[in-house]
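>>> Starting from these lines, generate the structure:
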Amino acid sequence: MMENSTKEDYKIQSFDLDTQMLLKKALKDPSSVNLEKVSNIIIDQSMKDQVFSKEAGRMCYTIVQAEAKLGNGNVFRRNLLNRLQQEFKGREETRQRSLQDWVCFVTFICNIFDYLKVNNVPMVALVHPVYDCLTRLAQPDALMNEEEVDCLVVQLHRIGEQLERVNNQRMDDLFFLLRDGFLLQVGLSSMTRLLLLEILEFRAGGWVLSDTAHKYYYSEIAD
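Below you'll find the model as predicted:
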């Protein structure tokens, strides 16, 4: 039963059996596996698999917690952050190569920001990289791609309030871009305009939508 729930919980059934076994070991006893290899496997998969990139934060959190419990320091977290830093440096090349890989990367780094805390506070090392990624999604060329706009809005729904708490000024700057894009940019699709209006209203309402607004936006999106 436990095996099935692990597969289900972490969406690892897309890996080959050897890799599934390695990940299951890492989740239970991180000291028994090569954690650099594990972090690379998780990031490689997150960069190409949108479903997994949404789940990977929980998996990383579980491994970090298991490692802490065993008193083995933070080898996994260090490897994970080192590799994330490499991918972050190459983010523009990733975006040019594949919009899907880029969206997966942003989803993953935001997921890690959401799950991996130090004393219940987001990791300082991730704050500016996450803001840089979201700010890139708010640039005029990215606002022309619904896939990027959708990614931006989903991440802001998920971590916007946390991000604003740790750096309010950068959130203001990001929303100036979004407001200008909504008001001034020509050629945006009706879906993009709807998503931008919704996220502007979402933040203005203190990171919540009124029931009326929720019904309006989500019935429009469903149509």
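>>> shaky segments in this protein?
Applying pLDDT under 70 to the chain flags residues 1-9, 220-223.
>>> which residue ranges form the strands in it?
Along the chain, counting by DSSP state E, strands occupy 117-118, 121-122.
>>> what packs against the last one?
With contacts taken as 3 or more CB pairs under 8 Å, 6 or more residues apart in numbering; DSSP states H and E, strand 121-122 sits against helix 146-166. C-beta coordinates here come from the backbone N, C-alpha and C atoms, glycine included.
>>> starting at the chain centroid, how far to the helix it packs on?
Once both centres are worked out by CA atoms, centre = their mean, to the nearest Å, helix 146-166 turns out to sit 9 Å from its chain's centre.
>>> Quick one: list the elements packing against it.
On a contact count with 3+ CB pairs under 8 Å, 6+ apart, helix 146-166 meets helix 99-115, strand 121-122, helix 124-137, helix 140-143, helix 168-184, helix 190-204.
>>> contacting residues around that helix?
Residues outside helix 146-166 that contact it (CB atoms under 8 Å, 6 or more residues apart in numbering): 99-100, 102-103, 106-107, 110, 113-114, 121-122, 124, 127, 130-131, 134, 137-138, 142-143, 170-171, 189, 191-192, 195-196, 198-199, 202-203, 207.
>>> Could you list the buried residues of that helix?
Of the residues in helix 146-166, 148-149, 151-156, 158-160, 162-164, 166 count as buried by neighbour count, 16 or more other CB atoms under 10 Å.
>>> now, of the strands of the chain, which is deepest in the fold?
Counting by mean count of other CB atoms under 10 Å, strand 121-122 has the highest mean neighbour count of the strands of the chain, with a mean of 16.
>>> List the residues that contact the closest residue to Glu36 other than its chain neighbours.
In this structure, Glu36 finds its nearest non-sequential neighbour in Asn79, 4.6 Å apart by CB to CB, 6 or more residues apart in numbering. Neighbour list for Asn79: 35-36, 38-40 [criterion: CB under 8 Å, 6+ apart].
>>> Try it again at 7 Å.
By CB atoms under 7 Å, 6 or more residues apart in numbering, the contact set of Asn79 is 35-36, 39.
>>> Buried among these? Need that as a selection in ChimeraX.
Applying 16+ other CB under 10 Å to the contacts of Asn79 leaves a buried subset, and the ChimeraX line that selects it is:
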select :35,39
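>>> closest to Leu183 among the contacts of Asn79?
The nearest member of the contacts of Asn79 to Leu183, counting by CB to CB, is Ser39 at 42.0 Å.
>>> Compute the distance between the closest one and Val149, please.
Applying CB to CB, to the nearest Å, the value for Ser39 to Val149 is 30 Å.
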